[in-house]
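*Asks:* quick one: sequence plus predicted model below, questions after.
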Amino acid sequence: MIVEQMMNKNVLTFLPSNTIKEAITLLRENKIRHIPIVNEQGKVVGVVTDRDIKEATPSNLTDGQNHELLETPLEEIMTKNPVIGHPLDFVEEVATIFYDQQIGCLPIISGGKLVGIVTETDLLYKYIELTGAHQPGSQIEVRVPNKAGILFEVSKVFHDHHANVLSVLVYPDLQHESNKILVFRVHTMNPLEIIEDIRKEGFDVLWPNMPGMTT
């Protein structure tokens, strides 16, 4: 999946000359945490977050107090030259950028102009959506040899049971480098017969480890 398919295209922005007070109002009214800062030409020159504002204003600030502080232009507190992405970037690459750079949002730029934004919340929801975790079902974890065609062999069991597989994830087996862990999300609330047949095929079911069932 590419960023263009998941980014928020309706991005609220401010100029560097807008104030902290205006930013507080925008964040509260729209229930957002990040504001890209653009210049008169529409180029992204910075990002202001709710954390930036909290760090720039005392916690006991109330209306009518420190009026001059609230009128501080955002260019004085924004993160300048922020990390940016492109609509054709892969979501997996963007997730890596978030982790490596320890950022909470990524302005998406095309042709030098801001066309969208991705936040850490967007990434989390997309992960939930892609794994099918928001749908009713069961999770089955299977340890398999790390060899070509193994996914097809295990998938035949689900096919034989006419089970609807919502997602499949592949993880390394930290205990045995020669194996992989396949995590299936299946649209069924009673996977016992599937688990039994997976074990009959000689595969090790790690989860669920049902009482009375051999491993």
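*Replies:* Right, received. Where do you want to start? Residues are numbered from 1 along each chain as shown.
*Asks:* can you pull out the strands in the chain?
*Replies:* 34-38, 44-49, 79-80, 105-110, 113-119, 138-145, 165-172, 179-186, 204-207 (DSSP state E).
*Asks:* what's the helix or strand of the chain with the lowest mean pLDDT packed up against?
*Replies:* Within the chain, judged by mean pLDDT, DSSP states H and E, the helix or strand with the poorest mean is helix 67-70; its value is a mean of 84. Helix 67-70 makes packing contacts with helix 20-30 when contacts are defined by 3 or more C-beta pairs under 8 Å, 6 or more residues apart in numbering; DSSP states H and E. Just so you know, the C-beta spots here come from the backbone N, C-alpha and C atoms, and that holds for glycine as well.
*Asks:* which elements pack onto the helix it packs on?
*Replies:* strand 34-38, helix 50-56, helix 67-70.
*Asks:* quick one: these as TSV, columns for mean neighbour count and distance to residue 127 too.
*Replies:* Below are those laid out as TSV (neighbours: other C-beta atoms under 10 Å; distance: least, C-beta to C-beta, whole Å):
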stretch	mean neighbour count	distance to residue 127
strand 34-38	24	19
helix 50-56	15	23
helix 67-70	12	37
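*Asks:* possible to save these as CSV with distance to residue 13?
*Replies:* Formatted as CSV, the helices and strands packed on helix 20-30 follow (distance: least, C-beta to C-beta, whole Å):
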stretch, distance to residue 13
strand 34-38, 5
helix 50-56, 15
helix 67-70, 20
